[in-house]
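Novice: Give me the fold of what follows.
(one chain, ligands or ions: 1)
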Amino acid sequence: MSTVEATRSDRVVKTEDEWRALLGPERYNILRREGTEPAFRNKYWNNHDPGTYVCGGCGLPLFSSDDKFESGTGWPSFSKPISDDAVNVRPDDRFGMRRTSVECARCGGHLGHVFDDGPPPEGTRYCMNSGSMDFKPRR
Ligand SMILES: [Zn+2]
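Specialist: Numbering: from 1, shown residues only. Below you'll find the predicted structure:
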């Protein structure tokens with residue numbers, strides 16, 4: 001997890017119009033407008049299949065089912081990203097709350113927030129929006 005701006009050489013950059021056309025309204029609202037989907041009424045909160053969660057904007061692998069845990073929040077929750085350079089974090093002070101926003105390191109798409117009340121040993125809880133990701137089942 002890094003607080004510096006992404007310097008990935010494969011960074012994906014599109015205009016807002018291009019993103020809107022590519023993602024459709026629901027995804028666009030989460031990934032590009034930092035929207036939040038409803039708890040328990042999203043695709044993956046209760047998904048227990050083995051596999052990989054990839055970015056809905058650019059397909060970058062973000063989280064593994066191996067690190068998914070039951071948080072009780074109604075959103076898919078992970079103890080850590082699939083690799084250190086998969087996501088970037090930055091402060092988010094909207095709505096009068098001090099939170100840490102998590103975004104895809106490749107396309108900058110908003111994924112959710114990370115909190116420090118996760119299970120050991122990491123102690124982190126990546127609280128993600130299902131709509132920001134696609135699930136690729138393990139074969
Ligand atoms: Zn992405």
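
Novice: tell me which element the residue nearest the centre of the chain falls in.
Specialist: In the chain, the centroid-proximal residue (C-alpha atoms, centre = their mean) is Leu111; its distance is 2.9 Å. Leu111 belongs to strand 110-115 when assigned by DSSP states H and E.

Novice: Any chance you could list what contacts that strand?
Specialist: Contact with strand 110-115 is made by 1, 30-36, 55, 62, 75, 87, 89, 92, 99-104, 124-129, 132-133, as judged by C-beta atoms under 8 Å, 6 or more residues apart in numbering. All C-beta atoms are positioned from the backbone trio N, CA, C, and that covers glycine.

Novice: is whatever helix or strand comes next after that strand anywhere near the ion?
Specialist: As assigned by DSSP H and E, the chain's next helix or strand after strand 110-115 is strand 125-128. No: Strand 125-128 stays clear of the ion (C-beta under 5 Å from the ion), getting no nearer than 12.6 Å.

Novice: hey, where'd the helices end up in this structure?
Specialist: 16-23, 25-31 (DSSP state H).

Novice: And these: which comes nearest Ser79?
Specialist: Smallest distance to Ser79 across the helices of the chain (C-beta to C-beta): 21.6 Å, for helix 25-31.

Novice: touching the ion at all, that closest one?
Specialist: No: using C-beta under 5 Å from the ion, we find that helix 25-31 stays clear of the ion, coming within 7.7 Å at best.

Novice: Buried by neighbour count: which residues of that helix qualify?
Specialist: Neighbour-count burial for helix 25-31 flags 27-31 (criterion: 16 or more other C-beta atoms under 10 Å).

Novice: on that earlier part again, among the contacts of strand 110-115, which ones are buried?
Specialist: 1, 30-32, 34-36, 55, 62, 75, 87, 89, 100-104, 124-129, 132-133.

Novice: do stretch 14-23 and the ion meet?
Specialist: No: judged by C-beta under 5 Å from the ion, stretch 14-23 stays clear of the ion, getting no closer than 10.6 Å.

Novice: tell me the average confidence for that stretch?
Specialist: Taken as a whole, stretch 14-23 has an average pLDDT of 96.
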